[in-house]
Every structure is written in C-alpha cells, then in structure tokens.
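Chemist: how would this look folded up:
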Amino acid sequence: MTAEIVVHGGAGFWRNDLQRGLKGVVSAARTGSDNLKQGRTALDAVESAVMVMEDDEIFNAGRGSSLTLLGTVEMDAAIMDGRDLSAGAVALVRDVKNPIRLARLVMERTDHVLIAGKTAERLADEFSLPKCNPITARRRRMFLELKKASRSHPTKNTLLLRNYPDILADTVGAIALDEDGNFAAAASTGGITLKIPGRIGDTPQIGAGIYADNRAGAATATGLGEVAIKLVLSRLVCTMMEEGLSAATANARAIRSATRLLRGQAGVISIDRRGRIAAAHNTKFMPWAYSTARMKMPKGYIRGRIVDLLS
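Modeler: Model prediction:
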C-alpha cells in the first residue's frame, strides 16, 4: 500500500458549477497529498484537504455555506482518527472560518465528541480561530430564488426537498491512508438550503457522516443527511469492509440500501484495508478526486467509479 487521499465535493444538486467543483476537489486532493508526501499523518491530510474546500465558495462548507430558512448560516464538521477511534465534531457554528479546525480541537483538547452552537463558537474564540462571514453573494442569490419559488407554490412548502431539489447542496469530505497504515476521515457542510434553523445533518454524527477505523478503512458520506443518519452510512460501509468486502462492493451495497429502503439521495467514498478506493452515488454527479504518494497530480472525476490501485 501507499499513502493516499480521496476527497468529494458533494452528491447534491449542481447547476452550472460542475467544472468548478471538479477543479476544487482536485486542488483539495493535491493539498492533502502534499501533506502525505511530507510524512504527515492521515489526520493532517484530511483536515488540510477539507480546509481547501471550506475556503472555496463553490462548495457548501465554510465560506459559501448554504442559508437556512431565516437566511442565516449554521455549519457542521467532523473529523476521526482510525488509530484509536478518536473523534471530534461541531454543529450549528455561524462564523468560524474553518469549522474542521474546530472539530479537531474538540477531539484533541476536550473530553467530548460533539459540541454545538454558542459553546462551540466560544471554544473557537478560546483558541483564537479565524472568523469570517460565510454568506456569499452566490448563496444569497440562490436563497432568494428558492424563497421566491416556494412562496409561489405554498402548498409545496412542507416538502421543500422533494419539490425543489436545488436545496440539496454539496457537502465536502476527505478520507486518507498514511504511510504508517493509519486511516482518517473528515467532513464539513453548511447543510440543506432553507433548512429549519437548528437542524443537524449527518456530517457531525460519527458513523453517519464519517467513520475511520484501522481495522476496516475509512468512509465519508454525502447527499441527504437524514438518509445517512438512518442508515449510519459511513459506519455501514466500514463494517462491510472490516468483514472483508472491497471498498467498491461495500459502497455499492450501501448506496443500494439508500435507494431501495429510503429512496434518498446519497453518495460515499471509501478506502478499504488493502488501500482500494471507490466512489459511488445515486445522484447524477458527484465531483471527487484522489491522489497517492506516487502520483504527480491527482485524478478527478464528475461521477463515481472504482479505482483499483493494486492492478
């Protein structure tokens, strides 16, 4: 096996931004891979890759996060270390520039796994993390368009996601395997556009949005958070890989469950114990990229596929 990283930009609705999303995941994979080539840990690699996407307004994470029903931002993030199952997560964060950094602080500097809201923001202040206004003109424009559309069809407001698929936005995630054989996973999101304030999706819920275990591999989910929560999607994939299934087979079975049982939109990327990579989704697109320590440049795709690095 060789050190490797896989990132995704979300299996949500993509307008005319697919190529920008593809460029963004390639850039994130390059940054994560550079960390691995320098001998840093899988945990460092996934954190740095997610930060790149949090700083890119094309993605629904950090700067560029989607807006709630009230026009505010509430961001979630999580990170996990496969060496000892250490994990940290934050939810309902409003103005932290890189929520993934805060999630790692929760993991390494507190006794807890998940901290939300004002307490999480106070923790960010305690460690002097940079702040920013994450509301961009692009997200504000999308918010106003969808609000107008929903007002035009008031009978549809109770099922916004079904009637306006635009609101399913693009969570970001990263998984990695370092040269010491350790796995890590990380994810960050602004959540569903027009969500009810206080809604928490799968991203900060360990096992649903992310999971990493050296005995199994690593996985991170995207799509509709409620689907990943009900299936505990990332843990499901890792359990199957721990039982000996390949990343490709585990991904396919997990997405099949999301489709058949819940009829919900979902995507997942994973690395199994043998270092095999796979990306699967039941949406039209999911920009993702991967890189290994032996590659000069990452490879990026707009749809899922199996990558057999052993052949």
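Chemist: Show me the shaky parts of the stretch 1-150 of the chain.
Modeler: By pLDDT under 70, the low-scoring segments of the stretch 1-150 of the chain are 1.
Chemist: Going along the chain, name the strands of it.
Modeler: For the stretch 1-150 of the chain, strands defined by DSSP state E, counting those that start in this stretch occupy the ranges 4-8, 75-81, 86-93, 114-116.
Chemist: what distance separates the shortest one from the centre of its chain?
Modeler: Relative to its chain's centre, strand 114-116 lies at 17 Å (Cα atoms, centre = their mean, to the nearest Å).
Chemist: List the buried residues in the top helix by length along the chain.
Modeler: Determined from DSSP state H, the single longest helix within the chain is helix 18-37. Neighbour counts over helix 18-37 (16 or more other Cβ atoms under 10 Å) mark 21-33, 35-37 as buried. (Glycine included, C-beta is placed from N, CA and C.)
Chemist: so how far is Met51 from the nearest residue to Asp213 once chain neighbours are set aside?
Modeler: Nearest in space to Asp213, with sequence neighbours left out and distances taken as Cβ to Cβ, 6 or more residues apart in numbering, is Gly82 at 5.1 Å. Here the criterion is Cβ to Cβ, to the nearest Å. By it, Gly82 lies 20 Å from Met51.
Chemist: Let me see the contact set for Gly198.
Modeler: 74, 92 (Cβ atoms under 8 Å, 6 or more residues apart in numbering).
Chemist: Now do the strands in the stretch 201-311 of the chain.
Modeler: Counting by DSSP E, counting those that start in this stretch, the stretch 201-311 of the chain has strands at residues 210-213, 217-223, 266-272, 277-281, 288-292, 299-301, 306-307.
Chemist: For those, could you give me CSV that also reports distance to Thr2?
Modeler: Below are those laid out as CSV (distance: least, Cβ to Cβ, whole Å):
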stretch, distance to Thr2
strand 210-213, 18
strand 217-223, 15
strand 266-272, 11
strand 277-281, 11
strand 288-292, 5
strand 299-301, 14
strand 306-307, 13
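Chemist: Same list, those, but as JSON lines with mean pLDDT please.
Modeler: Formatted as JSON lines, the strands of the stretch 201-311 of the chain follow (pLDDT from 0 to 100):
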{"stretch": "strand 210-213", "mean pLDDT": "98"}
{"stretch": "strand 217-223", "mean pLDDT": "97"}
{"stretch": "strand 266-272", "mean pLDDT": "96"}
{"stretch": "strand 277-281", "mean pLDDT": "95"}
{"stretch": "strand 288-292", "mean pLDDT": "96"}
{"stretch": "strand 299-301", "mean pLDDT": "96"}
{"stretch": "strand 306-307", "mean pLDDT": "62"}
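Chemist: Quick check: which of those is buried the most?
Modeler: Per-stretch averages of neighbours, counted by mean count of other Cβ atoms under 10 Å, single out strand 217-223 among those, with a mean of 33.
Chemist: Tell me what angle that strand forms with strand 266-272.
Modeler: Taking axes from the mean of the first three to the mean of the last three Cα atoms, to 10 degrees, one finds that strand 217-223 is oriented at 170 degrees with respect to strand 266-272.
Chemist: just checking, what packs against strand 217-223?
Modeler: Where contact means 3 or more Cβ pairs under 8 Å, 6 or more residues apart in numbering; DSSP states H and E, strand 217-223 is packed against strand 172-177, strand 183-189, strand 210-213, helix 233-242, helix 247-262, strand 266-272.
Chemist: Nearest to Gly71, out of these?
Modeler: strand 183-189 (17.6 Å; Cβ to Cβ).
Chemist: just how off-centre is the closest one within its chain?
Modeler: Worked out by Cα atoms, centre = their mean, strand 183-189 lies 6 Å from the chain centre.
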